[in-house]
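*Asks:* Pasted the sequence and its predicted model underneath.
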Amino acid sequence: MAADVTNSIRLAKGIKTEIDAVLGPPETGLPSERQLVVPMSLVRGTRGYIEKVANQINGTYEHGWYDASAVMIRRLIETLIIEAFEAHQIADRIKGPSGDFLFLRDMIEQTLKEQTWNLGRNCKAALPRLKDVGDKSAHSRRFIAQASDVQQLLPEIRVVVQELLFLAALSK
């Protein structure tokens, strides 16, 4: 009887592997099972691309792909900064002479000194730290992010995301 169960499980796994190979991954990805980094309640109903990036942050983190998660956190911060400047019709302040958006380093500098709003102390302190771990994960050949690199930033991620969503008039 135990051999029959074992064989059935092995057969089911084989079928699943074959189906996955034929179908491939879903075109638009799957929802993350948990919301360990960015609570979806913060981004739900904002913009589809913001929701998708937040979902990817959560999904990569829950699977232990910490470099990917850190890079996506960096991307979300960059997107939300642009959204905030656009919402206040001052996006030209984070663009270079050619009309392209500045590098994130320069966008953060402009965000921190922008007089249109008053960023909270925690948000001001967190922005460079979030950029730093994302930069290391994206650009350093020898840096491999670990869980603790992202875990220590979780409270800061929440504060920054929520504040930037508010400034972008996307918060509920």
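*Replies:* Sure, I can see it.
*Asks:* so after the worst-scoring helix or strand of the chain on mean pLDDT, what's the next helix or strand?
*Replies:* None of the helices or strands of the chain scores lower by mean pLDDT, DSSP states H and E than helix 2-23, at a mean of 85. Using DSSP states H and E, the helix or strand that follows helix 2-23 towards the C-terminus is helix 40-43.
*Asks:* just checking, what packs against that following helix?
*Replies:* When contacts are defined as 3 or more CB pairs under 8 Å, 6 or more residues apart in numbering; DSSP states H and E, helix 40-43 packs onto helix 48-62, helix 154-167. All C-beta atoms are positioned from the backbone trio N, CA, C, and that covers glycine.
*Asks:* Can I get the first one in CSV? Just the C-alpha atoms.
*Replies:* Looking back up the chat, that one is helix 48-62. In CSV, the C-alpha atoms belonging to helix 48-62 read as follows (Å, rounded to 0.1, in the frame of the first residue of the first chain):
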residue,chain,number,x,y,z
GLY,A,48,-1.3,48.5,-11.8
TYR,A,49,2.5,48.7,-12.3
ILE,A,50,3.0,49.8,-8.7
GLU,A,51,0.9,46.8,-7.5
LYS,A,52,2.9,44.4,-9.8
VAL,A,53,6.3,45.7,-8.5
ALA,A,54,5.1,45.4,-4.9
ASN,A,55,4.0,41.8,-5.6
GLN,A,56,7.3,41.0,-7.2
ILE,A,57,9.1,42.4,-4.2
ASN,A,58,7.0,40.2,-1.9
GLY,A,59,7.4,37.1,-4.2
THR,A,60,11.1,37.4,-4.6
TYR,A,61,11.6,37.9,-0.8
GLU,A,62,9.4,34.9,0.2
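*Asks:* Pull out the buried positions in it.
*Replies:* Neighbour-count burial for helix 48-62, counted by 16 or more other CB atoms under 10 Å, picks out 50-51, 53-61.
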